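[1] no FASTA, just this:
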């Protein structure tokens, strides 16, 4: 993970959360290593957030098939870059104040 923080481009995929439960209640960030086309997706469900949210990624190759793998034992899936950037990933299992980290490669 250190190499992503040091070398990757950062994309904010949601609006800014604000104090006192105002603003966006989901927070999502994508770190992208363009030279190897590998990405990390951090998703946070904050207090007061709707129960599910679809998050669309950026900076992927539309025609490429990516593996989306959780780093905490979540089952993996295969998706096209076009689908990940257009439809995004649906997050519906996170409780409030939970987060998820996904690797896209």
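    Good, I have the coordinates. Here the structure is a predicted model, which is why all the values come from computation and not from measurement. Numbers count the residues shown, from 1 in each chain.
[2] ok, now how distant is residue 100 from residue 34?
    23 Å (Cβ to Cβ, to the nearest Å). From N, CA and C alone the C-beta is placed, and that goes for glycine too.
[3] who's more crowded, the two?
    A direct count of neighbours by other Cβ atoms under 10 Å for residue 100 and residue 34 places residue 100 higher, at 19 against 11.
[4] Show the model's pLDDT score for the spatially closest residue to residue 89 that is not a sequence neighbour.
    Using Cβ to Cβ, 6 or more residues apart in numbering and skipping residues adjacent in sequence, the residue nearest residue 89 is residue 55, 5.5 Å away. At residue 55, the model reports a pLDDT of 98.
[5] Residue 55 and residue 91, how far apart?
    6 Å.
[6] Overlap in contacts, the two.
    26, 43 (Cβ atoms under 8 Å, 6 or more residues apart in numbering).
[7] Would you point out which residue is most central in the chain?
    Centroid check for the chain by Cα atoms, centre = their mean gives residue 41 as the closest residue, at 3.3 Å.
[8] Enumerate every residue touching that residue.
    Counted by Cβ under 8 Å, 6+ apart, residue 41 has contacts 13, 28-30, 55, 57, 89, 100-104.
[9] Tell me what it is bridged to.
    Going by DSSP bridges, residue 41 is paired in beta bridges with residue 30, residue 102.
[10] So the most far-flung residue of the chain relative to its centre, which state does it fall into?
    The C-alpha centroid of the chain is most remote from residue 20, which lies 23.8 Å away (Cα atoms, centre = their mean). Of the three states, residue 20 takes helix under DSSP: H, G, I helix; E, B strand; the rest coil.
[11] Wait, the residue nearest to residue 89 touches residue 27, no?
    No - at 9.9 Å, residue 55 does not count as touching residue 27 under the criterion of Cβ atoms under 8 Å.
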